[in-house]
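Trainee: coordinates only, sequence not included:
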């Protein structure tokens, strides 16, 4: 099974899917990552502001940041091999690296909320 690691630029939250204007690309990536995690795949996202140690520990990421700066992010490694710099994986690339069909990459989180308005 492949190990996929995404090194994100600094964002306001762990997925970047927050705030008044949400980038549809970040929504697509968050959905694909969620779907792959639910299927048991080894996929991780690290953010520069919340996981700086992961950037510092990885020689390839450190090299890219030293050469190109933070504008080179996002960076993607598959099995510790650099596969993408400066943009997020397409759904086709996620599918190729994970063996999961493109159609199965858009699973939405299912959460049910139970609110008792009488308590408010």
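Mentor: Cool, got the structure. All of these numbers come straight from a predicted model, not from anything done at the bench.
Trainee: and the residue lying closest to residue 3 once chain neighbours are set aside, what is it in contact with?
Mentor: Residue nearest to residue 3 in three dimensions, not counting chain neighbours: residue 42, with 4.5 Å by CB to CB, 6 or more residues apart in numbering. C-beta coordinates here come from the backbone N, C-alpha and C atoms, glycine included. When contacts are counted by CB atoms under 8 Å, 6 or more residues apart in numbering, residue 42 touches 1-4.
Trainee: tell me the pLDDT at residue 108?
Mentor: Per-residue confidence for residue 108 comes out at a pLDDT of 59.
Trainee: what strand or helix carries the closest residue to residue 101 other than its chain neighbours?
Mentor: Spatial nearest neighbour of residue 101, excluding adjacent residues (CB to CB, 6+ apart): residue 95 at 6.2 Å. Counting by DSSP states H and E, the element that carries residue 95 is helix 91-98.
Trainee: which parts of that helix are buried?
Mentor: In terms of neighbour count (16 or more other CB atoms under 10 Å), helix 91-98 has its buried residues at 91, 93-95, 97-98.
Trainee: returning to that earlier point: among the contacts of residue 42, who's most crowded?
Mentor: residue 4 (23 neighbours; other CB atoms under 10 Å).
Trainee: using the three-state scheme, assign it.
Mentor: With DSSP: H, G, I helix; E, B strand; the rest coil as the basis, residue 4 sits in strand.
Trainee: and the buried residues of helix 91-98, which is closest to residue 68?
Mentor: Taking CB to CB as the measure, residue 68 lies nearest residue 93 of the buried residues of helix 91-98, at 20.5 Å.
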